[in-house]
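> how would this look folded up:
(one chain, ligands or ions: 1)
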Amino acid sequence: MTAKIEIQAATPKHAQLLAYLHAEIFPDDAWTQSWFEQQAKKQGSVILIAARRAVPVGLLVLSVVLDEGEILTLGVLPAARGRKVGKALLATALKQPVKHFFLEVAADNEPAIALYRSVGFFDNGRRPNYYPSGADAVLMMKTVA
Ligand SMILES: CC(C)(COP(=O)(O)OP(=O)(O)OC[C@H]1O[C@@H](n2cnc3c(N)ncnc32)[C@H](O)[C@@H]1OP(=O)(O)O)[C@@H](O)C(=O)NCCC(=O)NCCS
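Numbers count the residues shown, from 1 in each chain. Below you'll find the model as predicted:
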């Protein structure tokens, strides 16, 4: 049976857990506990934690300003990938009352690009050599009717 995915809104008290998840998912670009603490206090900030069988496995950070939302990060622990956790986080973020969603993703990140396209994001520009790896950034956007 497929385990249920639970999505919870994070608060500043989750900052340590968020920093742990981020470091496991992005070992070369880990964001600090204090960054998550500050971000969770900001107006317009939406931080989601996904859990499977009560174990935290993923996170998403959305920043909302007026009718625009930028997805700042989205990730799932390597062992929990391919089980729709990323899609569940994204689906929850997309319920925010926002007209335009934006994000940027490395052009060679095929899983992430496929996930974003699967929920209606389309390519909206490109920044050459944007990442330290030399990869371009693809700017993606979704407009909600
Ligand atoms: C991108 C990421 C969040 C996807 O999370 P996930 O929970 O494994 O993805 P899901 O199981 O929800 O997949 C949903 C859809 O995304 C696409 N997808 C996910 N992984 C994929 C892969 N390895 N190859 C191709 N498509 C993939 C598919 O369209 C999939 O739908 P399907 O299962 O019906 O085929 C995860 O791979 C991850 O954390 N990567 C490292 C961090 C990262 O790159 N984050 C994005 C930064 S912008």
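
> all contacts plus neighbour counts: C-alpha atoms, from now on.
Fine.

> most centrally placed residue in the chain?
residue 74 (2.0 Å; C-alpha atoms, centre = their mean).

> near the ligand at all, stretch 127-143?
No - Stretch 127-143 does not reach the ligand (C-alpha under 6 Å from any ligand atom); its nearest approach is 9.4 Å.

> quick one: average confidence on that stretch?
Stretch 127-143 carries an average pLDDT of 96.

> can you list the buried residues in the helix ranked longest in the chain?
Ordering each helix of the chain by length in residues (DSSP state H) puts helix 15-25 first. Residues 15, 17, 18, 19, 21, 22, 23, 24, 25 are the ones in helix 15-25 that count as buried (16 or more other C-alpha atoms under 10 Å).

> wait, doesn't the third one sit right on residue 60?
What that stands for is residue 18. No - contact status for residue 18 versus residue 60: not in contact, 9.4 Å apart, counting by C-alpha atoms under 8 Å.

> shared neighbours, these two?
Counting by C-alpha atoms under 8 Å, 6 or more residues apart in numbering, the residues touching both residue 18 and residue 60 are residue 49.

> for the ligand, what are the nearby residues on this structure?
So far as C-alpha under 6 Å from any ligand atom goes, the chain lies against the ligand at 25, 73-76, 81-87, 105, 110-112, 114-115, 118.
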